[in-house]
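A.B. asks: A structural model of the following input is requested.
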Amino acid sequence: MEKHINAPLTDEDAKSLHSGDYVYITGTIYTARDAAHLRMYEALDRNEPLPMELAHNIIYYMGPSPAREGRPIGSAGPTTASRMDKYAPRLLDLGLKGMIGKGKRSDAVKEAIVRNEAVYFAAVGGAGALLSKSITSSEVVAYDDLGTEAIRRLEVENFPVIVVIDAQGNNLYETAVREFGEQL
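C.D. replies: Below is the predicted model of the structure:
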């Protein structure tokens, strides 16, 4: 099914999405990769505020290439989500509502997604130039010294993703394998 949603995500939107849905996101999302996640985790351990609000927001696991003239961002493809698995459950428990990346997630992340009625989306790897066309603005909001791994606030319009793990715990990677195996 094809759906259009706005970000930040409402609880109702997150719960209405199903594994396998094609989704177009419009609104504000944030980027963060390994180094930014580590810094956020350390800030939480020190009881310091995070540089962004987590509640209802979506984090895109992406480090962009430099912007070409006239564009807000360069190629903007997803990175492997499992590298953030050690941080994701805590962030989900603090209100993060969605994550965008590529690849499988751990059981602990899946459990946190279900517990918090959140969602994990996949963006198509290798399509960073195409994905960047849905990004209308990009602004570094924290950890500028990390370069491409800084936290950015992106404004997106019809950013294309696929629901991999939905709020009920259905996992497209698992169901697709079973369905494919049944067809053989």
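A.B. asks: so Ser138, which state does it fall into?
C.D. replies: When classified by DSSP: H, G, I helix; E, B strand; the rest coil, Ser138 comes out as strand.
A.B. asks: check for me that Ile5 belongs to a strand.
C.D. replies: Yes. Assessed with three-state DSSP, Ile5 lies in a strand.
A.B. asks: and the longest strand seen in the chain, what's its mean pLDDT?
C.D. replies: Longest strand in the chain by number of residues (criterion: DSSP state E): strand 151-165. For strand 151-165, mean pLDDT rounds to 97.
A.B. asks: which strands and helices sit next to that strand?
C.D. replies: strand 22-31, helix 107-115, strand 119-122, strand 135-142, helix 172-183 (3 or more C-beta pairs under 8 Å, 6 or more residues apart in numbering; DSSP states H and E). Bear in mind the C-beta positions are built from the backbone N, C-alpha and C, glycine included.
A.B. asks: ok, Gly33 touching Arg83?
C.D. replies: Quick fix: residue 33 reads Arg, not Gly. Yes. Arg33 is within contact range of Arg83, at 7.5 Å (criterion: C-beta atoms under 8 Å).
A.B. asks: residue contacts, the residue nearest to Tyr61 when sequence neighbours are not counted?
C.D. replies: Nearest non-adjacent residue to Tyr61, counting by C-beta to C-beta, 6 or more residues apart in numbering: Gly101, 3.9 Å away. Gly101 makes contacts with Tyr60, Tyr61, Pro78, Thr79, Thr80, Ala81, Met84, Tyr120, Phe121, Ala122, Ala123, as judged by C-beta atoms under 8 Å, 6 or more residues apart in numbering.
A.B. asks: who touches the residue lying closest to the fifth one once chain neighbours are set aside in this structure?
C.D. replies: The shortest distance from Thr80 to any residue other than its chain neighbours is 4.8 Å, reached at Gly103 (C-beta to C-beta, 6+ apart). For Gly103, the residues meeting the contact criterion (C-beta under 8 Å, 6+ apart) are Thr80, Ala81, Ser82, Ala122.
A.B. asks: buried only: go through those for me.
C.D. replies: In terms of neighbour count (16 or more other C-beta atoms under 10 Å), the buried residues within the contacts of Gly103 are Ala81, Ser82, Ala122.
A.B. asks: Tyr120 is in contact with the first one, correct?
C.D. replies: Yes. Here Ala81 reaches Tyr120: they are 7.2 Å apart, a contact under C-beta under 8 Å.
A.B. asks: who touches both of these two?
C.D. replies: Contact criterion C-beta under 8 Å, 6+ apart; residues bridging Ala81 and Tyr120 by contacting each: Met99, Gly101, Arg105.
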